[in-house]
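Undergrad: Below: sequence and its predicted model.
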Amino acid sequence: MRIPSLTAHLSFAQAKKYWLASLLLPLAAASQVHADDVRIGVVSNGLIVDSVYVAADLAKEQGINVEVTEFSDWVLPNTAVLNKDIDINYFQHEPFLTNAEEERGFDLTPLAYGVEGLMGIYSKDFEKAEDIPAGSTIAVADDPVNQGRGLMLLEQAGLITLPEGIGYHASLYDIEDNPLDLSFVELPGPQLPRAFEDVAAILSYPHYIKSSGVTDPADALLFHRDDTHSFALRFVVHPDNEDNTAIRQFISIYHQAPEVKTSLEEAFGDSSLYQLAWEDFPPLELSE
């Protein structure tokens, strides 16, 4: 059973205040965290959340107490790991982490691969990308990397042209050719499904579409697929925790437990919408 999260129901300003306040906690409070405790942060409206709770329950059976904290944005989970308010987060792919490190000066370690979702063009009005008419408005993520991936998808659909080789580094300002004179609205990634009824199309991930219930996540006009696993979610830790035994054991449970895989199957509802990226890499080594 889930334990309601404090930060899942806070505004950004409130959550920021909460984390700033947490820095002032007495050192005695920090001493209450035991070696076999793992504090993991996730983003609250993604389909992976249930799988993390499943792994947490399984870890408890092995003597590892896992506390799950849910966040409502894509900034605080990294800040919390950096400040050691949590030990690990699981919500981002490596290009997103790299960009966050460059922009905010974070120094974090992607320790292991997780699940990998696709990105799709979703529309309530059109069945094919080429049906989107001139002058339409498209909703895209407001963070650099996911916006870039979305623009790559629009280029794949033939709707815009980007500079050669720019890849996911592209932004709206980099669009070289926009023959349909499309307009764009930028929103935080988890909030994109909210625009589904108001724009011609949104560029989003199936897990956000599924959790929002706005449409069938398999009904994208077009999907962007990546064979390199660059966009697989990563388990990210503070460099000091790279060899933490309890963290590695928890990740190993997540990777190996049939119950976790069943949770992901139920969450996505369609095995074509995700991959278990860790299966293409050697198992995570467990610390002695």
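TA: Structure's in. What do you need?
Undergrad: going forward, measure contacts between C-alpha atoms and count neighbours the same way
TA: Will do.
Undergrad: Report all helices and strands that the helix or strand hosting A139 contacts.
TA: Element membership of A139, judged by DSSP states H and E, is strand 137-141. In terms of contacts (3 or more C-alpha pairs under 8 Å, 6 or more residues apart in numbering; DSSP states H and E), strand 137-141 is packed against helix 144-156, strand 183-187, strand 201-204.
Undergrad: what angle do the first one and strand 183-187 make?
TA: Using axes from the mean of the first three to the mean of the last three C-alpha atoms, to 10 degrees, the inter-axis angle of helix 144-156 relative to strand 183-187 is 150 degrees.
Undergrad: Pull the residues that contact helix 144-156.
TA: 95-96, 99, 119-121, 140-141, 160-162, 167-172, 189, 203-204, 222-224 (C-alpha atoms under 8 Å, 6 or more residues apart in numbering).
Undergrad: got it, and the last one?
TA: Judged by C-alpha under 8 Å, 6+ apart, the contacts made with strand 201-204 from elsewhere in the structure are 119-124, 137-141, 150, 189, 192-193, 195-196.
Undergrad: Rounded mean pLDDT for the next helix or strand after it, please.
TA: Counting by DSSP H and E, the next helix or strand C-terminal to strand 201-204 is helix 206-212. What helix 206-212 shows for mean pLDDT is 85.
Undergrad: I'd like to know which elements the helix or strand that comes right after helix 206-212 is packed against.
TA: Later in the chain than helix 206-212, the nearest helix or strand by DSSP H and E is strand 222-224. Judged by 3+ C-alpha pairs under 8 Å, 6+ apart, strand 222-224 is in contact with strand 119-122, helix 144-156.
Undergrad: Include mean neighbour count, distance to Q62 and mean pLDDT when you put those into a markdown table, please.
TA: A markdown table is the format used below for these (neighbours: other C-alpha atoms under 10 Å; distance: least, C-alpha to C-alpha, whole Å; pLDDT from 0 to 100):
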| stretch | mean neighbour count | distance to Q62 | mean pLDDT |
| --- | --- | --- | --- |
| strand 119-122 | 27 | 36 | 96 |
| helix 144-156 | 22 | 37 | 94 |
